[in-house]
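1. sequence and computational prediction follow.
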Amino acid sequence: MPAAATQHQALALLSAEAVRERAGRMLDIGLRGGLAHFTIDLDRMDAVADAVLAVTRKAYSTLDIPFHARWRHFVIGGADRWAVKAEAASWPDRAARARAEFDLAIVSVLLDAGAGPTWRYRDDVTGQSIGRSEGLALASLDMFASGAFSAEARDPFRVDADVIASLPLARLQAGFQVTDANPMVGLAGRADLLRRLGRLLAARPDVFALADRPRPGGLFDRLAAHARKGVIAAPAILAEVLQQLGPIWPSRLSLAGIPLGDCWRHPALKMGDATDGLVPLHKLSQWLSYSLIEPLQRAGLEVTDIDGLTGLAEYRNGGLFVDLDVLRLRDPEDKERAHEVDSTLVVEWRALTVALLDLLATRIRTRLDRSAEELPLASILEGGTWAAGRAAAFARRADGAPPLKVISDGTVF
């Protein structure tokens with residue numbers, strides 16, 4: 001019988017290293033035929049590499065590829081909406097801009113779970129109706145820029161704890177233009193997540209109010225204080241995000257009293273200790289960590305070991321491997337069923353996605369004769385796997401829906 005869990009074991013699961021290591025174990029189990037729902041055909045990986053390189057070369061012909069981060073979704077029709085606003089603003093120093101960008105990135109990413117295939121956001125500037133992640137990004141940016149989350153009328157570019165702690169559902173509903181004719185998946189879950197964030201910020205002034213009233217941007221000051229000679233490693237950003245923001249997630253699994261966030265059980269994963277069966281993925285937290293790198297860099301800090309973070313276990317990356325037959329369902333009828341996010345099928349799918357992205361990155365770099373430093377995983381995701389997953393989905397399904405149906409509460413995908 002395994003010994004009782006320790007806090008050290010629990011905290012170890014709150015890391016990119018644990019995500020990568022356990023995803024790799026799941027892939028090994030799958031390659032031995034030990035998973036209940038998927039078989040794996042690595043011979044199809046060359047076709048995936050072809051698809052990713054095709055969209056990458058089309059979008060970034062010089063192969064100068066930015067990181068996969070929230071900032072890319074603020075570019076509409078070639079115009080970077082946030083950059084225009086930020087450059088026009090008067091910042092007292094670089095740290096002030098970084099705090100605002102942390103505020104924006106954290107709230108926008110937390111609002112970025114799947115919206116469903118029918119929801120659209122009408123852009124007042126272009127008149128376009130924009131769906132999915134781009135629409136969610138623009139809606140959250142418009143709310144942020146209008147001061148929807150600020151307690152100061154003269155300073156709209158901020159998110160204040162007391163404002164979001166009591167955020168009315170109707171404010172998000174209006175901001176996202178949600179109606180009976182324009183429904184959004186998981187709206188109530190998103191509102192609850194922001195309220196949880198507000199309460200956490202207010203309760204932790206030692207973390208989030210180092211240079212101002214409690215706000216998400218306080219995390220910038222904490223990270224800057226932890227940097228050594230102006231250098232911070234990307235996995236350290238994730239560790240802080242997971243440990244400091246972890247309590248906002250709806251109650252799922254915990255270990256030794258520590259909530260584990262985006263971490264799930266799978267019976268095939270045997271560790272021989274109290275962490276048996278636990279599969280951490282931390283998709284939104286890693287997406288957020290990628291999105292915090294550029295504000296840190298703009299503030300003058302150097303971010304290292306960007307490849308220490310992992311690929312993102314979400315439906316575009318995962319759908320790419322299903323649609324291109326690297327991952328094959330043992331029961332084809334599972335494509336017609338809806339699956340809970342904690343089901344063994346979904347846990348398998350997401351963990352295998354993380355491990356396969358590492359294998360794919362190696363193939364992409366070999367084809368392009370680039371090193372990991374020259375072409376980090378964050379750029380391959382952007383170039384990249386996410387776009388190729390979307391293209392594959394639309395080529396096979398008119399609405400571009402993922403190949404598997406996942407029942408989401410708006411806080412995972």
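-> Sure, I can see it.

2. right, and Leu193 touches Pro247 too?
-> No. The pair Leu193 / Pro247 is not scored as a contact, 11.4 Å apart, by CB atoms under 8 Å. Backbone N, C-alpha and C define where each C-beta goes, glycine included.

3. neighbour-wise, which of the two wins?
-> Counted by other CB atoms under 10 Å, Leu193 and Pro247 do not tie: Leu193 has more neighbours, with 24 against 16.

4. secondary structure element holding the more buried one?
-> helix 187-203 (DSSP states H and E).

5. which strands or helices does that helix pack on?
-> Using 3 or more CB pairs under 8 Å, 6 or more residues apart in numbering; DSSP states H and E, the elements in contact with helix 187-203 are helix 94-110, helix 161-165, helix 169-175.

6. now those helices in a markdown table, with mean neighbour count?
-> As requested, these are exported to a markdown table (neighbours: other CB atoms under 10 Å):
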| stretch | mean neighbour count |
| --- | --- |
| helix 94-110 | 24 |
| helix 161-165 | 21 |
| helix 169-175 | 15 |
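
7. tell me which of those helices sits nearest to Ala88.
-> helix 94-110 (11.8 Å; CB to CB).

8. what about the following helix or strand past that closest one, average pLDDT?
-> Beyond helix 94-110 in the direction of the C-terminus, DSSP H and E gives the next helix or strand as strand 120-122. The pLDDT scores in strand 120-122 average 97.

9. quick one: strands adjacent to strand 120-122?
-> Next to strand 120-122 in the sheet, as set by DSSP bridges, lie strand 129-131 (antiparallel).

10. closest to Cys263 out of the helices and strands packed on helix 187-203?
-> helix 94-110 (17.6 Å).

11. quick one: average pLDDT of that closest one?
-> Here the average pLDDT along helix 94-110 is 97.

12. now it and helix 187-203, what's the angle there?
-> Helix 94-110 and helix 187-203 meet at an angle of 150 degrees, taking axes from the mean of the first three to the mean of the last three CA atoms, to 10 degrees as the criterion.

13. now do the buried residues in the one helix or strand Ser140 maps to.
-> According to DSSP H and E, Ser140 maps onto helix 132-145. Buried residues in helix 132-145, counted by 16 or more other CB atoms under 10 Å: 132-144.

14. now the two most distant members of the residues you listed.
-> Arg132 and Phe144 (18.9 Å).

15. of all the helices and strands packed on helix 187-203, which one is nearest Ile364?
-> Closest to Ile364 of the helices and strands packed on helix 187-203, according to CB to CB: helix 94-110, at 25.0 Å.

16. any idea how far that closest one is from the middle of the chain?
-> Taking CA atoms, centre = their mean, to the nearest Å, one finds helix 94-110 lying 15 Å from the centre of the chain it belongs to.

17. pull it out as CSV, backbone CA atoms only.
-> Only the C-alpha atoms of helix 94-110 are listed here, as CSV (Å, rounded to 0.1, in the frame of the first residue of the first chain):
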residue,chain,number,x,y,z
ARG,A,94,8.2,49.5,-18.1
ALA,A,95,6.9,47.7,-15.0
ALA,A,96,3.6,49.6,-15.2
ARG,A,97,3.0,48.4,-18.7
ALA,A,98,4.1,44.9,-17.7
ARG,A,99,1.5,44.9,-14.9
ALA,A,100,-1.2,45.9,-17.3
GLU,A,101,-0.2,43.2,-19.7
PHE,A,102,-0.2,40.6,-17.0
ASP,A,103,-3.7,41.8,-16.0
LEU,A,104,-4.9,41.5,-19.6
ALA,A,105,-3.2,38.2,-20.4
ILE,A,106,-4.4,36.5,-17.2
VAL,A,107,-8.0,37.5,-17.6
SER,A,108,-8.0,36.9,-21.3
VAL,A,109,-6.5,33.4,-21.0
LEU,A,110,-8.9,32.5,-18.2
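
18. now the angle between helix 132-145 and it, please.
-> Using the same axes, to 10 degrees: helix 94-110 against helix 132-145 is 130 degrees.

19. and stretch 76-87, how far apart are its ends?
-> Length of stretch 76-87, first residue to last, CA to CA, to the nearest Å: 17 Å.

20. and the strands in this protein?
-> All strands of the chain, identified by DSSP state E, fall at 38-40, 75-76, 79-80, 120-122, 129-131, 231-233, 254-255, 258-259, 263-265, 278-280, 302-304, 327-329, 338-340, 405-407.
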